[in-house]
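what's the 3D shape of this:
(one chain, ligands or ions: 2)
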Amino acid sequence: MSALRSLLAQRSIDPRTLSDREVHEELEPLDVGRASRTVTAPQRRAVVVRDRHCRFPGCDRPPGWGDVHHIVHWLDQGRTDLDNLILLCRRHHTLVHEGGSGLSGTARRPVSARGDGSGRIS
Ligand SMILES: [Zn+2]
Ligand SMILES: [Zn+2]
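Ligands and ions are numbered 1, 2, ... in the order given. Next up, the predicted model:
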């Protein structure tokens, strides 16, 4: 139980406010690593709570427009972990994959490959 408690403490979750099912959901699938390419529902929720809007530099579209993106692509050995997941709106998600405007860095500090930091395209 102590490992569980320290995990909860790291994530600032008060275990008393969670049901058993929620504890399971909050802890188990948040870092899936290489086990699955698919972002789990709890991961998506966690990314939305953390990011709140598209994280492409200069964009603030709300999560309703968004997808969860692997910063290091799955095909490049990226992991399905929160540190490698970021919320992007549809437009920027498409841009990152198909428009040659890749993102690098970390979930906390994403960097646009375009280098101007604006993330704007015409
Ligand atoms: Zn993506
Ligand atoms: Zn965007």
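
which residues sit against stretch 100-119?
The list of residues contacting stretch 100-119 from outside it, by Cβ atoms under 8 Å, 6 or more residues apart in numbering, reads 47, 50-51, 55-59, 69, 71, 82-86, 88, 92, 95-96, 121. C-beta coordinates here come from the backbone N, C-alpha and C atoms, glycine included.

who in this protein is up against ligand 2?
By Cβ under 5 Å from the ion, the part of the chain that sits against ligand 2 consists of 54, 56, 59, 61, 89, 92.

which one of those has the most neighbours?
The most crowded member of those is H92, carrying 28 neighbours; neighbours defined as other Cβ atoms under 10 Å.

state the helix or strand in which the closest residue in space to L88 that isn't next to it in sequence lies.
In space, and not counting its chain neighbours, L88 is closest to H69: 4.7 Å by Cβ to Cβ, 6 or more residues apart in numbering. Secondary structure here is read from DSSP states H and E; on that basis H69 sits in strand 66-70.

check which element follows that strand along the chain.
Tracing the chain past strand 66-70, the next element assigned as helix or strand by DSSP H and E is strand 80-81.

host element of the residue nearest to H53 when sequence neighbours are not counted?
Nearest in space to H53, with sequence neighbours left out and distances taken as Cβ to Cβ, 6+ apart, is D60 at 4.6 Å. Secondary structure assignment for D60, by DSSP H and E: no helix or strand.

what residue ranges in the protein score low on pLDDT?
Within the chain, the stretches falling below the threshold (pLDDT under 70) are 1-29, 114-122.
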